[in-house]
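Peer 1: Build me a structure from this.
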Amino acid sequence: MKVLVSDYDGTLYTDENNIRINCEVIRRFISEGNMFVLSSGRSLKSLMGKINEYNIPYTHLSCCDGSFLFNKDKLLMYANTISHDVKNIFFELEELKRHKKIEFAYPEEYSSKYDRIKLLGSVAFTLDEDSVDREFMKVLKKIRDEHPEYQYDIYGYDREFYYLIRPHGVSKASPITFLEEFYNIDKSNVYTIGDNTNDKELIRDYNGYRIGNNKDIIDVSLKEYNAVYELVNDIENKKVLKRW
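Peer 2: Okay, the predicted model is just below:
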């Protein structure tokens with residue numbers, strides 16, 4: 001059994017034509033007894049909207065940048081959760097009033113409302129480029145020094161920055177490692193593809209490939225593809241470059 005893991009935005013979906021072909025090829029890939037994991041920074045609710053729109057086949061869904069993993073029936077299999085004690089950190093950042101919004105990653109969706117009862121995958125602050133100034137970085141350093149148990153990531157898209165607080169060591173690769181162990185999958189049979197910085201660990205830790213030329217993932221990817229279906233065809237024809 002082989003496992004293919006693909007990011008959604010900018011990878012599985014690049015345009016209307018490619019998403020159609022990708023879905024056809026992935027449907028065949030699954031029918032041959034393989035797994036397809038759709039991996040995204042999106043929430044389950046947001047990802048299901050795209051799945052329904054394009055009739056995307058899948059066996060598993062990895063949501064919120066590796067925080068939650070769901071099976072075909074959308075049942076939660078695995079969660080990387082952060083302690084609700086993190087509220088002391090985001091309240092401190094909130095006082096700076098540099099953010100455009102705060103989003104809390106819960107299993108089903110992102111929310112602007114804090115709920116102490118639900119599983120919490122991460123806290124994300126959206127900031128304008130101009131908001132990441134000396135004062136913000138000073139407070140950020142203080143928080144990192146005082147709370148080393150958490151992971152702090154900044155991802156840039158256009159002129160916005162997404163500042164994430166989440167459990168230490170969590171990435172899009174984390175739920176795939178869980179799948180490896182859960183189904184006793186040989187790592188040499190796992191193939192991953194993405195296009196952006198948040199896909200780096202996913203690409204680096206497996207037989208990983210890229211769409212596009214994001215400088216953060218060029219060095220960790222084995223090859224550049226124009227579309228996911230090209231990778232699937234190479235896997236099936238045993239022409240794919242491998243790390244493992």
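
Peer 1: what about stretch 112-120, average pLDDT?
Peer 2: On average, the pLDDT along stretch 112-120 is 89.

Peer 1: Quick check: residue 67 vs residue 168, distance?
Peer 2: Using CB to CB, to the nearest Å, we find residue 67 at a distance of 13 Å from residue 168. In this view, the C-beta of every residue, glycine as well, is placed from N, C-alpha and C.

Peer 1: nope, residue 62 is what I was after
Peer 2: 18 Å.

Peer 1: related to what we said a few turns ago, more neighbours, residue 67 and residue 168?
Peer 2: Taking neighbours as other CB atoms under 10 Å, residue 67 and residue 168 compare with residue 67 leading, 28 against 12.

Peer 1: Is residue 113 in contact with residue 103, as I believe?
Peer 2: No. Counting by CB atoms under 8 Å, residue 113 does not reach residue 103; the two are 9.8 Å apart.

Peer 1: neighbour count winner among these two?
Peer 2: residue 103 (20 against 8).

Peer 1: Can you name the secondary structure element that comes next after the lowest-mean-pLDDT helix or strand in the chain?
Peer 2: Taking mean pLDDT, DSSP states H and E as the measure, the chain has helix 87-94 as its least confident helix or strand, at a mean of 68. Downstream of helix 87-94, the first helix or strand assigned by DSSP states H and E is strand 99-105.

Peer 1: now for that next one, which elements pack on it?
Peer 2: Secondary-structure packing of strand 99-105 (3 or more CB pairs under 8 Å, 6 or more residues apart in numbering; DSSP states H and E): helix 87-94, strand 110-111, strand 122-128, strand 160-167.
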